[in-house]
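>>> One predicted model, sequence on top.
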Amino acid sequence: MNASALPLANNTPLCYSINSTPFKYHPTIASAYFSSIFATLGLTSNLIAFVVLIKSFQRSHSRSRAFLIFLGGLVVTDFMGLLVTGSIVISFHVTHFNWRLLDPTCHFCNFMGMSMVFYGLCPLLLGAAMAVERFIGINCPFARSTSMSKRRTVSMVLMVWLIAGCIALLPLTGVGSYHIQMPGSWCFFNISSKGNDLAFSLLFSLVGLMCITASFLLNTVSIVTLIKVCCGQDRNQRRRDHEIEMMVQLILIMVIASTCWCPLLVFIAQTVLSGGPLQVKYLLIWIRFATWNQILDPWVYILFRRAVLKRIYPSGNWSRGSIRDTVRRFTHSSIASTLGSYGAEETGK
């Protein structure tokens, strides 16, 4: 008892020093149920998405496997993020353990803080990497055929994990610090305008915002290129429908990541630059908002596939260009005729 109480006296560990007065948490059954349902839904969704990706990888062409490897890395990251952080939060709600007694040296709190940063940055970095892969595949197909091999794609996923891991480890070296956060069920880096905490807060925020910006710019260029290819006169650079299918999935991933993460990233940057006090209420709201990214991502791979769309709308000729058929319905007749000739030529091949 004396040993566990020692850090509470004159040598308070860093992860507990953020609060000048200890806060009290009043656990409720609703919190435990909400966290459990939230984590179960996310884990189940990512498991289903992983099975779907494995089947798609086995049936896919070599040129689309690089994109599927990125998607697989994103699914694994989202699954592990929910598993690690969700297990800690649910355990807290169920057992109501005392952080200071359980973790007097802050090792457990640091682990959760690193997990929050790592599994938070990985989807954003992977989204940017996928945007780069699609940009090269659509705009520079010959360069992609030699550079985006299966081994190199796996290396890029590992590099993303390494970069996110190095950033997550920075608070352990003195750049930033991890602290227990209200209401006491989780740990995160200290969002403060002082010294190294300011530097790490801005680093986390700027890396995330730069990834979202890069994804938006590269995906925009890729979309414009696809529109010109499918609807223009240059038929030597036409792409198959699976290129458009992957772009649709990537756009949805980008939209989900931007919607879920931008409020938190902007909130962190605004808080540390303004020098004002941390608004805990908004931090909790935006953290929960960001966590939805890990639940919504897998449904993009589960639902937005031609196999699913074919079942929903079986009268469409999905095997010969589901997305092109949709475009015909909403474009000018001249464009429709061009697409029709293009479909006939592709069938002849």
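Nice, I can see it. Numbers count the residues shown, from 1 in each chain.

>>> Could you use CA atoms for every contact and neighbour count after this?
Fine.

>>> same for the helix or strand hosting Ala128, what does it pack against?
Element membership of Ala128, judged by DSSP states H and E, is helix 107-139. For helix 107-139, the packing partners by 3 or more C-alpha pairs under 8 Å, 6 or more residues apart in numbering; DSSP states H and E come out as helix 62-95, helix 141-147, helix 150-169, strand 178-181, strand 186-189, helix 195-231, helix 241-274.

>>> most packed of the ones you listed?
Of all the helices and strands packed on helix 107-139, strand 178-181 carries the top mean neighbour count, a mean of 24, counting by mean count of other C-alpha atoms under 10 Å.

>>> average pLDDT for that one?
Summarised as a single mean, pLDDT over strand 178-181 is 88.

>>> Next: stretch 121-141.
Rounded mean pLDDT across stretch 121-141 is 85.

>>> Now do that stretch: everything it contacts.
66-67, 70, 73-74, 77-78, 143-145, 148, 156-157, 160-161, 164, 204, 207-208, 211-212, 214-215, 218-219, 221-222, 225-226, 243, 247, 250, 253-254, 257 (C-alpha atoms under 8 Å, 6 or more residues apart in numbering).

>>> Buried residues in it, which are they?
Of all the residues in stretch 121-141, those buried under the rule 16 or more other C-alpha atoms under 10 Å are 121-138, 141.

>>> between the helix holding Ala128 and helix 195-231, how big is the angle?
30 degrees (axes from the mean of the first three to the mean of the last three C-alpha atoms, to 10 degrees).

>>> Next, the angle from helix 107-139 to helix 241-274.
Using the same axes, to 10 degrees, helix 107-139 lies at 140 degrees relative to helix 241-274.

>>> tell me the angle helix 107-139 makes with helix 62-95.
Using the same axes, to 10 degrees: helix 107-139 against helix 62-95 is 160 degrees.

>>> Would you pull up how far stretch 192-209 lies from the middle of the chain?
19 Å (C-alpha atoms, centre = their mean, to the nearest Å).

>>> again but with stretch 130-141, I slipped
19 Å.

>>> how's the chain carved up into domains?
28-304, 317-349 (automatic domain parsing).

>>> Same list (these) but as TSV, adding distance to Leu14.
What follows is the domains of the chain, written out as TSV (distance: least, C-alpha to C-alpha, whole Å):
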stretch	distance to Leu14
domain 28-304	7
domain 317-349	55
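
>>> Flag whichever of those domains has the least confidence on average.
domain 317-349 (a mean of 43).

>>> So which residue is smack in the middle of the protein?
Closest residue to the average C-alpha location of the chain: Pro123 at 2.6 Å, with C-alpha atoms, centre = their mean.

>>> thinking again about what came up before, can you list the helices and strands packed on helix 107-139 in CSV and add distance to Val51?
As requested, these are exported to CSV (distance: least, C-alpha to C-alpha, whole Å):
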stretch, distance to Val51
helix 62-95, 10
helix 141-147, 27
helix 150-169, 18
strand 178-181, 35
strand 186-189, 31
helix 195-231, 26
helix 241-274, 17
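
>>> quick one, which of those is nearest to Cys109?
With respect to Cys109, and counting by C-alpha to C-alpha, the nearest of the helices and strands packed on helix 107-139 is strand 186-189 at 5.6 Å.

>>> Provide the strand pairings for the closest one, with the direction of each partner.
Its sheet considered, strand 186-189 pairs with strand 178-181 (antiparallel) by DSSP bridges.

>>> Kindly format the C-alpha coordinates of the strand it pairs with as CSV.
The C-alpha trace of strand 178-181 is given here as CSV (Å, rounded to 0.1, in the frame of the first residue of the first chain):
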residue,chain,number,x,y,z
TYR,A,178,1.0,11.4,-22.3
HIS,A,179,-1.6,12.1,-19.6
ILE,A,180,-4.7,10.5,-18.3
GLN,A,181,-7.7,12.3,-19.7
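
>>> For Ala129, see how far away Arg65 is.
According to C-alpha to C-alpha, to the nearest Å, Arg65 stands 14 Å off from Ala129.

>>> In space, what's closest to Tyr178 - neighbours in sequence excluded?
The shortest distance from Tyr178 to any non-neighbouring residue, by C-alpha to C-alpha, 6 or more residues apart in numbering, is to Phe189 (4.1 Å).

>>> Contact partners for the one you found?
Phe189 is in contact with Gly113, Pro171, Gly176, Ser177, Tyr178, His179, Asp197, Ser201, counting by C-alpha under 8 Å, 6+ apart.
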